[in-house]
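Trainee: Could you work out the structure for the sequence below:
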Amino acid sequence: MSSRRQVPPTPIRREVVEQVPYGLRVSAALSWRFLTLCGALAVLVFLVGYFAGLVIPVGIALLLAALMAPAVRQLVSWRVPGWAATTIVLVGGLLLVVGVLVSVVAAFVNGVPELQSKVVVGLDQIKDWLVHGPLQLTQQDLDQYLNRFVEMLKSNVSTIATNAVNTTVTTAVGVGELLTGFLLLLFTLIFFLHDGSNIWHFMTKAVPRNVRDRVDVAGRRGFASLVSYVRATVVVAVVDAVGIGIGLAIVGVPLAVPLAALVFLAAFVPIIGSLVAGSVAVLVALVANGPIEALIVLIIVIAVMQLESHVLQPLLLGKAVSLHPLAVILVIMGGLSLAGIPGALLGVPVLAVLNAAIRSLVNEDDPDPDSVDPTNRADAIPSGKGDEPA
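Mentor: Next up is the predicted model:
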């Protein structure tokens, strides 16, 4: 019997990828996924910016629908036909807006003469403070600064005239775009109010059947969160406007009603809006009434903003739209950079909807769409879950 020579086993060849350190492989995998995500977000941002004339009116229409849809559903529950309920709510809302605008414009026109007279007195007070106050400026210094300002205007009169013409043309184009956007907003709002549920049901058909119910419930909870957000924001805006308006009237600041209306509109942009509108009120008080009255108005604005931040927002929004202040600031600034004031207006509602929808997708495994009422703000939160803010 011959003995066979035993051949040693061939060493197993290790793959090249296994030679790469594990940490580097994980980092590379995370990196290309991160770059893919950034690319997708960049495309999304580009598309939103490119179609801003479409996205902004539809977004504002969705906000108004969240405000009006509960009233439409209530009328329908009273056996009012859907088209009649939509007409009643829409026409009533338009009449309310027109009435408020007419009142504000009338108050502005009536307050302009008083503002002019008080501005003269206020400028004299500021001039007296510059001369006799801490700066100790002389009349010669004031005249010198005034002459420099006049000379600057004379040297740039052609540039100012050109800019005025360009501004006029731009304003004319902007008015046309604004009118078109308003018509699109109104048209979209009508369909959202009258046929919103069918529109959403049609959109969910694009989702695979095995996750359709979960997506349906997430969308319903997102809209319920939007209803809660819009309602709370309107109440907060009214309280801000009334509080600051009463304070301005007591102090005797001209144009108290228009300034209160400005505060109401600005309050729809959280944190930043109230700050800007309050600053305008303080500036008008400074020019028209003087530094003491401006200081009083500043105290009033700060007190109202503290009431909003520490009482109204937590009480009205609660857990349904619980967003971290840092997230709110970042979203507002991002929306402002992307689409200006409309972006700042729509940024926080979008975040609120995403917050509620994601919490629903994460916390609910077998939800029932019929059990969620999208017009009921209490249904924005999954039962017993999802209490953490975004």
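Trainee: Check what contacts stretch 82-94 and list those residues.
Mentor: Residues outside stretch 82-94 that contact it (CB atoms under 8 Å, 6 or more residues apart in numbering): 64, 68, 71-72, 75-76, 80, 189-190, 193-194. For the C-beta atoms, the positions are set from N, CA and C on the backbone; glycine is no exception.
Trainee: May I have it as CSV, with CA atoms only?
Mentor: Extracted in CSV, the C-alpha atoms of stretch 82-94 (Å, rounded to 0.1, in the frame of the first residue of the first chain):
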residue,chain,number,x,y,z
GLY,A,82,-71.7,69.9,0.8
TRP,A,83,-71.6,72.5,-1.9
ALA,A,84,-73.8,74.8,0.2
ALA,A,85,-71.6,74.3,3.3
THR,A,86,-68.5,75.1,1.3
THR,A,87,-70.2,78.3,-0.2
ILE,A,88,-71.4,79.5,3.2
VAL,A,89,-68.0,79.1,4.9
LEU,A,90,-66.0,80.5,1.9
VAL,A,91,-68.2,83.5,1.3
GLY,A,92,-68.4,84.2,5.1
GLY,A,93,-64.6,84.1,5.3
LEU,A,94,-64.1,86.4,2.4
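Trainee: Next, the buried residues of it.
Mentor: Using 16 or more other CB atoms under 10 Å as the test for burial, stretch 82-94 gives 85-87, 89-90, 93.
Trainee: out of those, which are inside helices?
Mentor: Among those, the ones falling in helices (DSSP state H) are 85-87, 89-90, 93.
Trainee: Just give me the closest of those to residue 207.
Mentor: Within those, proximity to residue 207 (CB to CB) peaks at residue 86, which comes in at 27.3 Å.
Trainee: just wondering, since we're on that closest one, how far is it from residue 189?
Mentor: 9 Å (CB to CB, to the nearest Å).
Trainee: rewinding a little: okay, the ones in helices among the buried residues of stretch 82-94 in CSV with distance to residue 252 next?
Mentor: Below are those laid out as CSV (distance: CB to CB, whole Å):
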residue, distance to residue 252
85, 45
86, 45
87, 44
89, 39
90, 39
93, 34
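Trainee: Out of the residues you listed, flag the one nearest to residue 247.
Mentor: residue 93 (28.5 Å).
Trainee: For that closest one, report the pLDDT, please.
Mentor: Residue 93 is assigned 87 on the pLDDT scale.
Trainee: Taking the contacts of stretch 82-94, tell me the two that lie furthest apart.
Mentor: Greatest spacing in the contacts of stretch 82-94, by CB to CB: 64 and 80 (19.6 Å).
Trainee: who's more crowded, the two?
Mentor: Relative neighbour count places residue 64 above the other of residue 64 and residue 80, with 19 against 15, counting by other CB atoms under 10 Å.
Trainee: who's in contact with the more buried one?
Mentor: Residues in contact with residue 64, defined by CB under 8 Å, 6+ apart, are 93, 185, 189.
Trainee: go on, residue 204?
Mentor: Per CB under 8 Å, 6+ apart, neighbours of residue 204: 212, 215-216, 219.
Trainee: Please apply the same query to residue 200.
Mentor: Residues in contact with residue 200 (CB under 8 Å, 6+ apart) are 216, 219-220, 223, 374.
Trainee: out of the residues you listed, who's nearest residue 47?
Mentor: Of all the contacts of residue 200, residue 47 sits closest to residue 219, with 20.6 Å by CB to CB.
Trainee: where along the stretch 101-250 of the chain do the helices fall?
Mentor: If DSSP state H, counting those that start in this stretch is used as the criterion, the helices of the stretch 101-250 of the chain fall at 139-155, 157-204, 212-251.
Trainee: Quick check: which ranges of the stretch 1-150 of the chain have low pLDDT?
Mentor: Counting by pLDDT under 70, the stretch 1-150 of the chain shows low-confidence ranges at 1-17, 112, 114-147, 149-150.
Trainee: From residue 382, how far off is the closest residue to residue 366 other than its chain neighbours?
Mentor: Ranked by CB to CB, 6 or more residues apart in numbering and with sequence neighbours excluded, the top spatial neighbour of residue 366 is residue 213, at 7.7 Å. To residue 382, residue 213 is 14 Å away according to CB to CB.
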